[in-house]
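Asker: show me the folded form of this:
(2 chains)
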Amino acid sequence: AQSVTQLGSHVSVSEGALVLLRCNYSSSVPPYLFWYVQYPNQGLQLLLKYTSAATLVKGINGFEAEFKKSETSFHLTKPSAHMSDAAEYFCAVSDRDGANSKLTFGKGITLSVRP
Amino acid sequence: ETGVTQSPTHLIKTRGQQVTLRCSSQSGHNTVSWYQQALGQGPQFIFQYYREEENGRGNFPPRFSGLQFPNYSSELNVNALELDDSALYLCASSSAQAGGETQYFGPGTRLLVL
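Answerer: Next up is the predicted model:
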């Protein structure tokens, strides 16, 4: 069974500081990995995805993530935080059966950005 | 390109009632998945529909059921509502032809069971 662990439920950074949100996964097969962002009272927006091409994946809003197979990690980073980045961030893993691609999510991390 | 839409946005029901939630998939997408997101938690997979048939189910009881229509839109039905069914229900669509791994989410329906 697949699983995702997001360490820490809350991360607080100052505006302009580095953002690092951690995600570790467990999967019996090479996974697809995703980061989604959820703003208050909204659905999930896809930030970026890893599908076995480049291990460093660039997404929207300046975010990127690096797939490290040896560490079973897919941490999300952004060099300089903006106030608008304050939201809930979810890491998710999907199996590779394309017609039945259920997502397994972590519990999420709340990112706060201090002025 | 039209994104995933869901209706209604909010709903209040009482315990024991039945509810139907609706979802229209993104243009060109033929697969719809439903997720339940309890407060403070990540979304949990309920089931997926492809070609109008259930194509995978999570750990949810049979009182959670669904339909997919020829235009790929979908319904989620929940019978005999319980207090713990209060949650945000998210619909996501994807394209099986394009690999199906990337799911795009709608804004959700927030259900409150009293």
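
Asker: alongside chain A, which residues does chain B contribute?
Answerer: B:4, B:6, B:31, B:33, B:35, B:40-45, B:48, B:50, B:55-56, B:58, B:90, B:92, B:94, B:96, B:99-108, B:110 (C-beta under 8 Å from any C-beta of the partner chain). For every residue, glycine as well, the C-beta is placed using N, CA and C.

Asker: and the residue of chain B at minimum distance from chain A, what does it touch?
Answerer: For chain B, the residue closest to chain A is B:Gly42, as judged by C-beta to the nearest C-beta, at 3.4 Å. If you count contacts by C-beta atoms under 8 Å, 6 or more residues apart in numbering or on different chains, B:Gly42 has them with A:Val4, A:Phe90, A:Ala92, A:Phe105, A:Gly106, A:Lys107, A:Gly108.

Asker: beta partners of the first one?
Answerer: Yep, that's A:Val4 we're talking about. A:Tyr25 (DSSP bridges).

Asker: that one is in contact with A:Tyr25, isn't it?
Answerer: Yes. Between A:Val4 and A:Tyr25 there is a contact under C-beta atoms under 8 Å: 5.2 Å.

Asker: between these two, which one's more packed in?
Answerer: A:Val4 (24 against 20; other C-beta atoms under 10 Å in any protein chain shown).

Asker: thinking again about what came up before, what subset of the residues of chain B next to chain A is buried?
Answerer: Listed as buried from those are B:4, B:6, B:31, B:33, B:35, B:42-45, B:48, B:50, B:55-56, B:58, B:90, B:92, B:94, B:96, B:100-108, B:110; burial here means 16 or more other C-beta atoms under 10 Å in any protein chain shown.

Asker: need the contacts of B:Gly42 in JSON lines (columns: pLDDT and secondary structure).
Answerer: What follows is the contacts of B:Gly42, written out as JSON lines (pLDDT from 0 to 100; DSSP: H, G, I helix; E, B strand; the rest coil):
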{"residue": "A:Val4", "pLDDT": "95", "secondary structure": "strand"}
{"residue": "A:Phe90", "pLDDT": "97", "secondary structure": "strand"}
{"residue": "A:Ala92", "pLDDT": "95", "secondary structure": "strand"}
{"residue": "A:Phe105", "pLDDT": "96", "secondary structure": "strand"}
{"residue": "A:Gly106", "pLDDT": "96", "secondary structure": "coil"}
{"residue": "A:Lys107", "pLDDT": "95", "secondary structure": "coil"}
{"residue": "A:Gly108", "pLDDT": "96", "secondary structure": "coil"}
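
Asker: show the end-to-end separation of stretch B:21-33, please.
Answerer: 13 Å (C-alpha to C-alpha, to the nearest Å).

Asker: now it: buried residues?
Answerer: In stretch B:21-33, counting by 16+ other C-beta under 10 Å, buried: B:Leu21, B:Arg22, B:Cys23, B:Ser24, B:Ser25, B:Gln26, B:His29, B:Asn30, B:Thr31, B:Val32, B:Ser33.

Asker: and B:Gly99, what pLDDT?
Answerer: In this model, B:Gly99 is scored at 65, pLDDT.

Asker: same question but for B:Ser7, I mixed them up
Answerer: At B:Ser7, pLDDT is 96.

Asker: hey, what's the closest residue to it other than its chain neighbours bridged with?
Answerer: Closest residue in space to B:Ser7, ignoring its immediate chain neighbours: B:Arg22 at 4.9 Å, by C-beta to C-beta, 6 or more residues apart in numbering or on different chains. Beta-bridge pairing for B:Arg22 (DSSP bridges): B:Ser7, B:Glu75.

Asker: B:Ser86 is in contact with B:Val113, correct?
Answerer: Yes. Using C-beta under 8 Å, B:Val113 makes contact with B:Ser86 at a distance of 4.7 Å.
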